Each structure stands twice: as C-alpha cells, then as structure tokens.
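Colleague: Structure for the following, please:
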Amino acid sequence: MKTKLTFFLGILLIFSLFLGGIGYSLAPVLEIWGGDPPNLLRIYRLFPRKAFCLEHINSIYGARVQETFSYVPSRGLYLVEVASPSPAVFEYYGLEVGRVGKKRLYRPMKPLILRSMDYSRHRLFVRGKAISLQGLVKPGDTLKIKIRE
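Modeller: Sure, this is the predicted structure:
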C-alpha cells in the first residue's frame, strides 16, 4: 500500500511539473529589438494580463512618466495607466487634465518604438525586475518593444 501511494504521489508530481512547464512556455514574451539591422537584444517572459511598466522622462516637457501596459492574449497590448506629476503630459496623451497623478485607460497599442539621445532614464519593470535601457543601442538609435505569444 505504501509503495502504491508513493508511486501515485510521484506521478502527480511529474504531471504538475510537466503541466506547469507547458503553461510557462506558453506565456507571452516581451522582446526588445534594436540596432541597424534590428537585432533581438533581450527577452523577458510576461504573465498574461499582468502589467509591466515603462518609466522615462518626457522629452518635450522634461517630466517623469510611467506608462503601464498589459498584454491580453489573442487581443494584444494595451496602455492601461499613465502616471506623471505634469498636467502637460496628460494633454500630450490626449487625456483630461483634471487631477494630476494617474489616469486609468484601456488604449490598444502597437509595438512600442523608442528613440532617445539618452536612454539613461528609460527603465522597464517586468515581473518585479527593473531593466535599464541604457547601453542597449547607441544614443539616437531606435529600440522596439514588442510582445510575442
């Protein structure tokens, strides 16, 4: 009886590891592309419907901005929140100025294309990890952030 129980628990463990691995491998992937010709520079696994953020300084207004995105499987990438202390930043996004701080929204997005002469103040936050974009490409070169299922 004891060996049958041990065998059964072992099979359950194997199935849970196998099925858990499948679920993880099907998770969407955030890809960072850059250079000329474009090269895949970084890959990060995402949790579906969980947010990731891009933090930067708005080049026009010189204000800190945090854009929060969510990837919805089979539907795409969405901008779900903009946070900034600057009213001008909200106008830039076409949002009502009202209360400054954070604005919730659900705006469909295409892959993100960034071009900056100084990536030192650009950071991605993915799965709780801060990722600096500094040094991935030369100043003035384009970075493209896209999601792959």
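Colleague: pretty sure S132 contacts H122?
Modeller: Yes - using C-beta atoms under 8 Å, S132 is in contact with H122, at 7.5 Å. Placement of C-beta: from N, CA and C, glycine included.
Colleague: which residues in this structure form helices?
Modeller: Assigned by DSSP state H, the chain shows helices spanning 2-25, 87-92.
Colleague: out of S132 and H122, which sits in the more crowded spot?
Modeller: Neighbour totals were compared for S132 and H122, and H122 leads with 18 against 12 (other C-beta atoms under 10 Å).
Colleague: Next up, the contacts around that one.
Modeller: Neighbouring residues of H122 by C-beta atoms under 8 Å, 6 or more residues apart in numbering: 54-56, 114, 116, 132-134.
Colleague: and what of Q134?
Modeller: Contacts of Q134 by C-beta under 8 Å, 6+ apart are 119-120, 122.
Colleague: Quickly, which of the helices of the chain bottoms out on average pLDDT?
Modeller: With a mean of 51, helix 2-25 has the lowest mean pLDDT of those.
Colleague: For L124, give the beta-bridge partners.
Modeller: L54, I131 (DSSP bridges).
Colleague: in terms of contact, does it touch L54 like I think?
Modeller: Yes - assessed by C-beta under 8 Å, L124 is found in contact with L54 at 5.7 Å.
Colleague: Dead centre of this protein: give me the residue that sits there.
Modeller: F52 (3.8 Å; C-alpha atoms, centre = their mean).
Colleague: so how far is L77 from that one?
Modeller: Shown here: F52 relative to L77, a distance of 10 Å by C-beta to C-beta, to the nearest Å.
Colleague: Please enumerate the shared neighbours of those two.
Modeller: 69-71.
Colleague: Which one (most neighbours) among these?
Modeller: Y71 (23 neighbours).
Colleague: could you point out where the chain is predicted with low confidence?
Modeller: 1-26, 97-100 (pLDDT under 70).
Colleague: quick revisit: what sits in contact with each of L124 and L54?
Modeller: Counting by C-beta under 8 Å, 6+ apart, the residues touching both L124 and L54 are I145.
Colleague: all strands of the protein, in order?
Modeller: Here the chain has its strands, by DSSP state E, at 29-34, 39-45, 51-57, 64-72, 76-84, 101-109, 112-115, 123-126, 129-132, 142-148.
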